[in-house]
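*Asks:* no FASTA, just this:
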Ligand code: 4AD
Ligand code: MG
C-alpha cells in the first residue's frame, strides 16, 4: 500500500504544500465539502477539503460516517476556524463503505450504556479513544516501573488446579461431556477422566506461583488476566480482569506498602506526562457528566486535580482496628445511613465504609492494615494476638477515592507450622498445595506482595465511573458478548 501519514503528526506539522496520503474513518461529511477524518492515532480529526464540483457524484455519496477512505492531497494552512491544517483532496478512494442508514454510531452524543451494547464500534469515539490510550500507557508504565527496579516479569498459569484465594469463586475448565459425565463408584464426577486428570479451573490470582518465583529471583511481578465467578453485578467488579501482582523476598508489610504507593504514584505521573491530551479531554467529559448530578454528589476535585492530589500527598496509613473505631462513631453509622451498620470489631468492610474513610474522613488515599484473620486469606502472616487477644494478619488494602479497594496484599506466612495450622482450620487441602508448602520447608524467608486490579486503576485515572467502560469487552454475569 501507499505509505500513509498519521493524522496525529500532520496536525502538528509546519511543512505545508506537500503531498500526503492519509487513511482513516469518516467522522462527518459536511456540505459535500468538509470531511472530518480520524485514524485513531489521536482523538483529533483532520479536515479534508473536497472540490465537489470536480468529484464524481457517486463517490461523494459513498463518503459517509463510518466509511474507511484513503485521501491523497496537499497539506495546507487552514482558512477556516477551529483547525490549523487542512488537506486539499486530489484523490479520494473508498476502502470500505458504511451504510449511513445502518451504521449505529451517529455523529452525536451517545450514552455509555448504548455504547456498551456496540462495544465492537465504541473504540471509534473520542471517549473510548482516550480511555484505551490511557489504559495502554498505564500498562506500559507498570512494566517500566518494575523493569527499572529489577523485577522479573513472570507469566503464571491461567489454568490451574488450585484456588489461590480460598474463596471458591472459580470457573471450571473441563473437556468432559456434560451429557455423559463419568462418575466414580460414589456417584461423584470422575475428574480422573478429564483432560488434566483432575479438577481444574481458571486462575483467580497468580500469587501462589509468584511466591515460588520470588523465592528464587528475589523480586518478581505478574501482569495477566484473572477470573472470578463471583455474582457481583457492580460498577467495580468484572468476571475477567487483569491483575498486577508483585512479590518480594526479604520484605515486610512496611516495604510492601512503600512499593505499592511508589508504583501507584509512578504510573499516575507517567499518565499525566504522556497522555495529557486524553486526560484533559476526560477531565472535561467528567465535568460535563457531573453537571447533571445534584451538588452533593459531585466530586470536590476535577479529574486532573484528583490525580495531582494523589501524587503530592502521602497515603494515610492506619490499622483496621483504628478504622473500625472511626467508622463506629461516624455520622452515617450513628444515623444508620450505612446499609451495613458497623457495631463490632471483626466486621468486613463494605465499599460504603471504605469510601467514607477515603472520601469523607481522610479525603485522600488510605492504606488499612492488620485486618482480623477471619476475614482474610489463609496465606497472610499471623500477627501476635492484640491486647484483647484478637487475631489479626499483616494484611494491607489500599483504598482510593471513587473506587474503594484498588490493591489488596499482605506479608506472607513464611512459618510452616503457622501456615499449616491455618490451612487446617480453614479446610484447605495441604496435599494439593504441596509445592507451595515446599517453599516453607526449603529456605523459607519473610516475603510480601500485593495485587493491583488493573481496571480499577484505569477507572481512577480516566475518571470513568463503570468498570465495564475501561476494558474492551467486559465479562460479567449473564454477558460474554463479543
Ligand atoms: O484482594 P484480591 O482478591 O487479592 C488477591 O487476589 C491477592 N492474591 C493479591 C496478592 O496479594 N497478590 O484482589 C486484588 C485486587 C483487588 O484489590 C481489586 O483491585 C482487584 O484485584 N479485584 C477485582 N477487580 C475487578 N473485578 C473483580 N471481580 C475483582 N476482584 C478483585
Ligand atoms: Mg481484596
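*Replies:* Perfect, thanks for sending it. Quick caveat: nothing in here was measured; it's all calculated off a predicted structure. Ligands and ions are numbered 1, 2, ... in the order given.
*Asks:* quick check: residues of the stretch 51-200 of the chain near ligand 1?
*Replies:* 164, 165 (CB under 6 Å from any ligand atom). (C-beta placed from N, C-alpha, C; glycine too.)
*Asks:* and residue 200, how many residues sit next to it?
*Replies:* Applying other CB atoms under 10 Å, we find 19 residues neighbouring residue 200.
*Asks:* bridged to it, which residues?
*Replies:* residue 173 (DSSP bridges).
*Asks:* that one and residue 160 touch, don't they?
*Replies:* Yes: between residue 200 and residue 160 there is a contact under CB atoms under 8 Å: 6.6 Å.
*Asks:* pretty sure residue 25 sits against residue 68.
*Replies:* Yes: the pair residue 25 / residue 68 is scored as a contact, 5.5 Å apart, by CB under 8 Å.
*Asks:* who's more crowded, these two?
*Replies:* Relative neighbour count places residue 25 above the other of residue 25 and residue 68, with 20 against 16, counting by other CB under 10 Å.
*Asks:* which SS state does the more buried one fall under?
*Replies:* strand (DSSP: H, G, I helix; E, B strand; the rest coil).
*Asks:* that one bridge partners, please.
*Replies:* Beta-bridge partners of residue 25, as defined by DSSP bridges: residue 38, residue 68.
*Asks:* dump the residue contacts of it.
*Replies:* Counting by CB atoms under 8 Å, 6 or more residues apart in numbering, residue 25 makes contact with 37, 38, 39, 40, 66, 67, 68, 69, 124.
*Asks:* now the helices for the stretch 301-450 of the chain?
*Replies:* Along the stretch 301-450 of the chain, counting by DSSP state H, counting those that start in this stretch, helices occupy 303-312, 320-328, 331-334, 351-355, 416-425, 434-441.
*Asks:* how does the chain divide into domains?
*Replies:* 7-104, 124-169+204-469 (automatic domain parsing).
*Asks:* please identify the most buried of the ones you listed.
*Replies:* Highest mean neighbour count of these: domain 124-169+204-469, a mean of 18 (counted as mean count of other CB atoms under 10 Å).
*Asks:* tell me the mean pLDDT for it?
*Replies:* Domain 124-169+204-469 carries an average pLDDT of 96.
*Asks:* could you give the separation of it from the chain centroid?
*Replies:* 12 Å (CA atoms, centre = their mean, to the nearest Å).
*Asks:* how close does residue 366 get to ligand 1?
*Replies:* Distance, residue 366 to ligand 1, using CB to the nearest ligand atom, to the nearest Å: 13 Å.
*Asks:* pretty sure that residue sits against residue 401.
*Replies:* No: contact criterion CB under 8 Å: residue 366 and residue 401 do not qualify, at 9.3 Å.
*Asks:* name the residues contacting each of those two.
*Replies:* Contact with both residue 366 and residue 401 is made by residues residue 358, according to CB under 8 Å, 6+ apart.
*Asks:* returning to that earlier point: out of the domains of the chain, nearest to residue 188?
*Replies:* Evaluated with CB to CB, those place domain 124-169+204-469 nearest to residue 188, the distance being 15.4 Å.
*Asks:* could you tell me the end-to-end distance of the closest one?
*Replies:* 14 Å (CA to CA, to the nearest Å).
*Asks:* repeat for stretch 104-120
*Replies:* End-to-end distance of stretch 104-120: 11 Å, with CA to CA as the criterion.
*Asks:* identify all contacting residues around that stretch.
*Replies:* So stretch 104-120 is contacted by 27-28, 65-66, 121-122, 124-125, 127-128, 466, 468-469, 472-474, 481-482 (CB under 8 Å, 6+ apart).
*Asks:* go again using 10 Å as the cut-off
*Replies:* 25-30, 36, 65-66, 98, 100, 121-125, 127-128, 288-289, 464-466, 468-469, 471-474, 479, 481-482 (CB atoms under 10 Å, 6 or more residues apart in numbering).
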